[in-house]
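K.L.:
kindly generate the corresponding structure for this input.
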Amino acid sequence: MTTQANIKSNTFRARIHLLPAAFAAVSLVGCGQPPTEQTAALPAAVTESGTRPTAESAATERQGKPVVYQVFTRLFGNTNTTNVPWGTIEQNGVGKFNDFTDEALAGIKALGTSHIWYTGVPHHAVINDYTAYGITLDDPDVVKGRAGSPYAVKDYYSVNPDLAVDPANRLAEFKALIDRTHRHGMKVLIDIVPNHVARDYQSLAKPEGVSDFGADDDNSVVYRRDNNFYYVPGKAFQVPSWPDNYQVLGGDPHPLADGQFAENPAKWTGNGARAAQPAFDDWYETVKINYGVRPDGSYDFDRLPADYAEKDWQAHYQFWQGKNVPDSWLKFRDITLYWLDLGVDGFRYDMAEMVPVEFWSYLNSHIKQTNPDAFLLAEVYQPHLYRDYIKLGLMDYLYDKVEFYDSLKLVMQGKGPTSALVATQQRMADIEQHMLHFLENHDEQRIASPQFAGDARKGMPAMVVSALISSSPTMLYFGQDVGEPGAEDAGFGKPSRTSIFDYIGVPHHQRWMNGGKFDGGALRADEAALRNFYLRLMQFSASAPALKGNYFELHTANLANNTAYGEQQLAFARYTATSEAAGQQLLVVSNFNPEQRSEFELILPEALMRQWQLVDGRYRLAGQLGEPAAELQVTNGVGRVNIALPPLGSVVYGVQYQE
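P.N.:
Got it, this is the predicted structure:
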């Protein structure tokens, strides 16, 4: 994919990472006015769909950062366009494991993807009738939507029967998908939801000797250390009082939709609500798991010494040997090791902050003992807990949601300054490599939705900044690359987020699918152009070694010295060592203004020029994503570059020496 060119002088030798000439057809400088030809900017090895030969994909060496592609598995392959609110599986259709064909996987791989997070795989509560396969009916009074929440897991040793062509063979169909994904050079992530399970958890597929959650509990007490659940003794569960504008299944009849669910005594609800009747806004479809945390918040297990924040996973693993731990710890250890044995390469942990950090030390050290390369990503939303969950909990990566994403969203909406991004990056400096960046996921609003930015193009400078500013992985959500707005009224929940609770078709994404060809043939010109932008950017992110290196902020110096540079622009540098073997120096500049061009002289401080070993002189700047070349002038140790950006435009330059 990449070549390198040496350009020598008497005083300096630079190494520059260059992209193929095929990228030059479209410039990122003009990304505010994308090309209309879908293939205009694709490398020679990429077809119209953005696909590559499988062998080449598997063999491509990754020099840059990991890229996680999150796909909502139930929706990805669905070609049905009916989209009736609260529609049944027959009306609105559903995607299957088998829809991830070689063509589909190659199209995902073309986005620089290293890991696919298949969201919604473990068997969760659903409304569709699978009693013919021995699966009990789920009660719609404790199921959100008709297709059910993927975070109300009913059987951790099986997969969602909706996703299989033959539900009786569902686990084998998922294993085949794991194998296909691996053949395309990508790894597989699935969800583990340790904080809660479905209200009616019962595993049909559990191995011999494994008991269900709660099967051995003493439910006569609120708490016992080895109980899996917390109880409300003497009180039966009651379904929530429904809001006036809500009807179960949209009012459609169902034999179990009677406003009741048999659970006596009641269990605590997943978000920690302790009442026998949770509120509608509570996670009423789930029950909270007990990890040995007493109702008063004190811990009923061995504490991890503080100095273990500086120890590796092997030391954590040894610490837990011979320790007596709560039963729920053992159950989730066995569950994760089961999936690793099946070929899964890592996990995304839902609401990890609601589970004590000692459990994560225990679980993740056991996972690493089995697979040292396992990819462990956690949802943690309290910044003061970040370092504990990374250093003591052994998480590889956390969502950078509350810090970076929230600030970037305000910039995209024209409500916040780019200085906030600089401040966030400084605050995260010691752990930035662990803070996964994203612009969309299943919990967040789509960029193109009116409730967010109203225009997918406003995500373009944001994606450049998000993907290139740190050394952490980048995550893409399916449909993001074609501007999916999440506008459908699926039933449970509101538009702006693509539904995770109901059967629905995803229109923009379906045009890329093109009836199962996955060639982008039905995309509109603006959607095709947006996908080409993502292809160029994410392939660069996956291949540029500087993105694993150092960061230097240019924002402060340019705010102080450039009247034309302001809080709608952001500039920074990324670089590796300047040795001939590995050196790469990059300048990244983005304009978040959706209406006005931005022209200014970018100043590169003397401290950066020293880091780059650039003496006074002129240096050629090579466009890394197809931009025309530019010139860097270094005078008295300070660098200057003339920058001209269209609305929503960005440039990424690599430094070459010019004699």
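
K.L.:
only C-alpha atoms from now on, for both contacts and neighbour counts.
P.N.:
Fine.

K.L.:
please save the CA atoms from stretch 606-616 in PDB.
P.N.:
Extracted in PDB, the C-alpha atoms of stretch 606-616 (Å, rounded to 0.1, in the frame of the first residue of the first chain):
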ATOM      1  CA  GLU A 606      10.900  26.400  17.000                       C
ATOM      2  CA  ALA A 607      10.400  23.500  19.500                       C
ATOM      3  CA  LEU A 608       8.800  21.400  16.800                       C
ATOM      4  CA  MET A 609      11.400  22.300  14.200                       C
ATOM      5  CA  ARG A 610      14.100  21.100  16.700                       C
ATOM      6  CA  GLN A 611      12.200  17.900  17.200                       C
ATOM      7  CA  TRP A 612      12.100  17.400  13.400                       C
ATOM      8  CA  GLN A 613      15.700  18.400  13.000                       C
ATOM      9  CA  LEU A 614      14.700  20.900  10.300                       C
ATOM     10  CA  VAL A 615      17.300  23.700   9.800                       C
ATOM     11  CA  ASP A 616      16.500  26.900   8.000                       C
END
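
K.L.:
give me the contact list for it.
P.N.:
12, 552, 578, 585, 633-639 (C-alpha atoms under 8 Å, 6 or more residues apart in numbering).

K.L.:
of the residues you listed, keep whichever come out buried.
P.N.:
With burial judged by 16 or more other C-alpha atoms under 10 Å, the buried subset of those is 552, 578, 585, 633-634, 637-639.

K.L.:
next, count neighbours for the residue lying closest to Ala467 once chain neighbours are set aside.
P.N.:
Spatial nearest neighbour of Ala467, excluding adjacent residues (C-alpha to C-alpha, 6 or more residues apart in numbering): Thr474 at 5.7 Å. Applying other C-alpha atoms under 10 Å, we find 25 residues neighbouring Thr474.

K.L.:
give me the below-cutoff pLDDT ranges for the protein.
P.N.:
Residues of the chain meeting the criterion pLDDT under 70: 1-61, 578-582, 658-659.

K.L.:
from the centroid of it, which residue is nearest?
P.N.:
Closest to where the C-alpha atoms of the chain average out (C-alpha atoms, centre = their mean) is Met475, at 4.0 Å.

K.L.:
hang on, isn't the residue nearest to Ala467 packed against Gln70?
P.N.:
No: assessed by C-alpha atoms under 8 Å, Thr474 is found out of contact with Gln70, at 10.5 Å.

K.L.:
quick revisit: can I get the contacts of stretch 606-616 in CSV including distance to Ile289?
P.N.:
Shown next, in CSV, are the contacts of stretch 606-616 (distance: C-alpha to C-alpha, whole Å):
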residue, distance to Ile289
Phe12, 61
Phe552, 44
Thr578, 51
Gln585, 49
Gln633, 61
Val634, 61
Thr635, 63
Asn636, 63
Gly637, 60
Val638, 58
Gly639, 57
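
K.L.:
quick one: which of these is nearest Thr131?
P.N.:
Thr131 lies nearest to Phe552 out of the contacts of stretch 606-616, by C-alpha to C-alpha, at 59.3 Å.

K.L.:
how about the closest one, secondary structure?
P.N.:
strand (DSSP: H, G, I helix; E, B strand; the rest coil).
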